[in-house]
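S.K.: What follows is a predicted structure for the sequence shown.
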Amino acid sequence: MILFCPRCGNELAQRVKGEWFESATPCGACGLVLTEPPLVLAPDPDEEVEYALDGWDVPERAAATAALVEVDIPYRWEEGLVLVVPAVAEDEVDVLLEELEAPDELDAADGEAGGADDDEVADGGEEAQAAMADLFVVADRLQHAPDDLDVGASLLMLAAIVGESPAPYGIERPVWRRIQALAAATATAFDDGSDEETVAVEARALRDFLRDLV
């Protein structure tokens, strides 16, 4: 039985279980709609570590799980927004969460080590910020009209901008990497001529992830 949103840890209003995992009811916090059963870390109290993330907001928790997925670290959410990971991954998870918790300090440290020029390219600026906002609008349109060539062309252009840009100010690097990956997946599905349902699903995932960031 799936009790908690695999993206943000919010308790689901509708519990999903067994083979009937698909649900049209979105997570009340981040908007995720379950369309396939998520991989959940099996309970093993002697071999796991807990992180209380109740002080983190929805985008930050979503960024945490996106970072774990990116490096193939299994996890599960428990009541009270507690994130559970394997004990063997504790050091790596500590680094990931610290990077999300204090991105400004980390960026400042990187700037001191690399010089003023590194500081300037660390921020994607207004172009990246605008592309992210436009990407949300286009993804929302594409999920409803996955065969619209004009919308698809806009999606391809914006995905290219986002893919080549550093994260804009205020967006953590793991979050930006997730946006880049989702945009690229949606662009690939459209550009490769995938069926309309696949394009719509990819566009919806991108739209849902961007919802609380724009």
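M.R.: On my side now, so go ahead. Residues are numbered from 1 along each chain as shown.
S.K.: what stretches of the protein score poorly on pLDDT?
M.R.: When residues are selected by pLDDT under 70, those of the chain lie in 1, 14-24, 102-122.
S.K.: Helices of that one, start to end?
M.R.: Assigned by DSSP state H, the chain shows helices spanning 58-70, 90-101, 103-114, 116-121, 125-144, 149-164, 173-191, 196-210.
S.K.: so which of those helices comes closest to residue 81?
M.R.: Nearest of the helices of the chain to residue 81, taken as C-beta to C-beta: helix 58-70 at 6.9 Å. Where you see a C-beta, it was placed from the backbone N, CA and C, and this is true even at glycine.
S.K.: Report the inter-axis angle for that closest one versus helix 90-101.
M.R.: Taking axes from the mean of the first three to the mean of the last three C-alpha atoms, to 10 degrees, one finds helix 58-70 and helix 90-101 inclined to each other by 140 degrees.
S.K.: Kindly state the domain boundaries assigned to the chain.
M.R.: Domain assignment for the chain by automatic domain parsing gives 2-101, 123-210.
S.K.: Would you reformat those as a markdown table and include mean neighbour count?
M.R.: Shown next, in a markdown table, are the domains of the chain (neighbours: other C-beta atoms under 10 Å):
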| stretch | mean neighbour count |
| --- | --- |
| domain 2-101 | 16 |
| domain 123-210 | 19 |
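S.K.: Roughly how far does residue 13 sit from residue 3?
M.R.: 11 Å (C-beta to C-beta, to the nearest Å).
S.K.: Next: residue 194.
M.R.: Look at residue 194 and residue 3: by C-beta to C-beta, they are 32 Å apart.
S.K.: Also residue 151?
M.R.: From residue 151 over to residue 3 the distance is 36 Å, taken as C-beta to C-beta.
S.K.: And residue 175, by the same measure?
M.R.: Residue 175 is 25 Å from residue 3, by C-beta to C-beta.
S.K.: Likewise for residue 162?
M.R.: According to C-beta to C-beta, residue 162 and residue 3 sit 33 Å apart.
S.K.: try residue 57
M.R.: 21 Å.
S.K.: Run through the residues that contact the closest residue to residue 176 other than its chain neighbours.
M.R.: Nearest non-adjacent residue to residue 176, counting by C-beta to C-beta, 6 or more residues apart in numbering: residue 167, 3.5 Å away. When contacts are counted by C-beta atoms under 8 Å, 6 or more residues apart in numbering, residue 167 is found next to 122, 123, 124, 128, 173, 175, 176.
S.K.: so can I have CSV of these showing distance to residue 43?
M.R.: Listed next are those as CSV, based on distance: C-beta to C-beta, whole Å:
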residue, distance to residue 43
122, 40
123, 42
124, 40
128, 40
173, 31
175, 28
176, 33
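S.K.: Tell me the one among these nearest to residue 89.
M.R.: residue 173 (19.1 Å).
S.K.: Give me the nearest residue to that closest one, chain neighbours excluded.
M.R.: Of all residues not flanking residue 173 in the chain, residue 167 sits nearest, at 5.5 Å (C-beta to C-beta, 6+ apart).
S.K.: Tell me the backbone dihedrals of the one you found, please.
M.R.: The phi/psi pair for residue 167 (degrees, to the nearest 10) reads phi -60, psi 140.
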